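>>> no sequence on this one, just coordinates:
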């Protein structure tokens, strides 16, 4: 449990350190020479990767809250540091303007982390959508097979019912024929008895 918490929250801590350490890279904020660009590009990639990992481990909602807290706290600590060490950051003359520029630098790196989170969330959503589409196809195929099986069962039941009705009708006809034959035999027997009795009386 503690190991999982350390693993989950070590990357947001690293992201905060990356954002905070950007204050010490170059006091000439937006001088994008080749060297500065490569350093900013590497920092942006690291922040993007941190955001990606945060979204994988903490999910979008909790990760977004953690990311926002990291950006705000790193920016606040940076502002306090710049105010107290304004000589080092060359912020004596235009303190307010430099505070805004340093804040923008921190926010831009934080935005790269949020961008990493968003890309990871979109890719995860696409994977889930593909998985769900495959499941829907499988369910539709199984539903089609179930429908065919149901139709076959219904046909078999219909055929069996017709056979049962046919057999019942045949048994009923046989019973009626037997009854009629027995009745006719009884009538003949009674008639023969009457004739015998009549002859006996005549004697």
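Sure thing, it's come through. Small disclaimer: the values here were computed from a predicted structure and weren't measured. Numbering: from 1, shown residues only.
>>> mind telling me what element the spatially most central residue of the chain is part of?
What sits nearest the mean C-alpha location of the chain, by C-alpha atoms, centre = their mean, is residue 128, with 5.3 Å. Assigned by DSSP states H and E, residue 128 falls within helix 95-202.
>>> average pLDDT across that helix?
Per-region confidence: helix 95-202 scores 83 on mean pLDDT.
>>> elements contacting it?
The helices and strands touching helix 95-202, judged by 3 or more C-beta pairs under 8 Å, 6 or more residues apart in numbering; DSSP states H and E, are helix 2-21, helix 34-84. Bear in mind the C-beta positions are built from the backbone N, C-alpha and C, glycine included.
>>> any chance of TSV for these, columns distance to residue 133?
Below are these laid out as TSV (distance: least, C-beta to C-beta, whole Å):
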stretch	distance to residue 133
helix 2-21	31
helix 34-84	21
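>>> select from those helices the stretch with the lowest mean pLDDT.
If you rank the helices and strands packed on helix 95-202 by mean pLDDT, helix 2-21 sits at the bottom with a mean of 74.
>>> quick one: work out the angle between the helix holding residue 128 and helix 34-84.
With axes from the mean of the first three to the mean of the last three C-alpha atoms, to 10 degrees applied, the angle from helix 95-202 to helix 34-84 works out at 100 degrees.
>>> coming back round to it: from residue 134, how far out is the residue nearest to the centre of the chain?
Separation of residue 128 from residue 134 (C-beta to C-beta, to the nearest Å): 11 Å.
>>> how about residue 110?
37 Å.
>>> between the two, which is the more surrounded one?
Between residue 110 and residue 134, counting by other C-beta atoms under 10 Å, residue 110 is the more crowded of the two (24 against 10).
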